[in-house]
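Peer 1: any chance you can model this:
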Amino acid sequence: NDTLAVLNETERGEDVALAAYRKAAEKDLPTHVRFVVVRQLEGAKRNHDEVKRLRDAARAEASAH
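Peer 2: Below is the predicted model:
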């Protein structure tokens, strides 16, 4: 199932991005930089959750057929 494979790889990429933003958010950053990093971290979390939801739906659809 190509769609499922793409979503699995996309989620893997989102995992890497999320980990990088979490690591950056732990650093001692200037306030204005921290604001940007935290805002992007929140976006990365939303993206990851959406990709995971789509992947789970594609997985369920593939197993139903």
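Peer 1: please point out which parts of stretch 31-48 sit buried.
Peer 2: By neighbour count, and taking 16 or more other C-beta atoms under 10 Å as the criterion, the buried residues in stretch 31-48 are 37, 41, 44, 47-48. (C-beta placed from N, C-alpha, C; glycine too.)
Peer 1: tell me the contacts of residue 47?
Peer 2: Contacts of residue 47 were listed using C-beta atoms under 8 Å, 6 or more residues apart in numbering, and they are 14, 17.
Peer 1: what about it, which helix or strand?
Peer 2: Secondary-structure element containing residue 47, defined by DSSP states H and E: helix 31-64.
Peer 1: what residue lies at the spatial centre of this structure?
Peer 2: Among the residues of the chain, the smallest C-alpha distance to the mean C-alpha position (C-alpha atoms, centre = their mean) belongs to residue 48, namely 2.5 Å.
Peer 1: if we ignore the residues flanking it in sequence, what's nearest residue 59?
Peer 2: The spatially closest residue to residue 59, leaving aside those adjacent along the chain, is residue 4, at 6.0 Å (C-beta to C-beta, 6 or more residues apart in numbering).
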